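Visitor: take a look and give me a structure for this.
(one chain, ligands or ions: 1)
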Amino acid sequence: MLLTDGIREERLKALAGWTYDPDVRAIRRSFRFADFAEAFAFMTRVALLAEKADHHPEWTNVWSRVDIALTTHDAGGVTERDIALAAAIDAIAA
Ligand SMILES: C[C@H](O)[C@H](O)[C@H]1CNC2=NC(N)=NC(=O)C2=N1
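Guide: Numbering: from 1, shown residues only. Below is the predicted model of the structure:
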């Protein structure tokens, strides 16, 4: 179920670094690592997690940077599934 604007903003307060992009109705965060190997190792861990959750990131990687957007296509915007995946990704990056 799509989060209301109020609930979404509330959830984002607890997720440092994630912002809402209204153009694509997704939450975004950029991650930086020491080098490509570190960035790709992170992506591998996120990919396994995403597959388990059947909820997948939209992302790009340029050397040591990984840009991630999360949205729920069926719902047409941000749901609790995106918030949960964002929190799990943060835990991996920490
Ligand atoms: C059929 C399958 O459950 C869906 O296509 C899943 C797969 N992964 C997904 N990932 C994300 N981020 N949003 C979705 O709506 C989504 N849908």
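Visitor: tell me how far stretch 62-79 lies from the chain's centre.
Guide: What separates the centre of stretch 62-79 from the centre of its chain is 5 Å, taken as Cα atoms, centre = their mean, to the nearest Å.
Visitor: if you look at that stretch, does any of it touch the ligand?
Guide: Yes: contact between stretch 62-79 and the ligand is present through 70, 71, 72, 73, 74 (criterion: Cβ under 6 Å from any ligand atom). Quick note: C-beta positions are derived from backbone N, CA and C, even for glycine.
Visitor: I'd say the second one and residue 58 touch.
Guide: Yes: counting by Cβ atoms under 8 Å, residue 71 sits close enough to residue 58 to count as a contact (7.3 Å).
Visitor: can you check which residues contact both of the two?
Guide: residue 26 (Cβ atoms under 8 Å, 6 or more residues apart in numbering).
Visitor: okay, these two: which has more neighbours?
Guide: Looking at residue 71 and residue 58 with other Cβ atoms under 10 Å, you find the greater number of neighbours at residue 71, namely 21 against 13.
Visitor: please name the residues that touch the more buried one.
Guide: Residues 24, 25, 26, 27, 58, 77, 78, 82 are the ones in contact with residue 71 under the rule Cβ under 8 Å, 6+ apart.
Visitor: confidence score at it?
Guide: pLDDT, residue 71: 98.
Visitor: what's the answer for residue 23, then?
Guide: Looking at residue 23, its pLDDT reads 98.
Visitor: ok, now which ones touch it?
Guide: Going by Cβ under 8 Å, 6+ apart, residue 23 touches no other residue.
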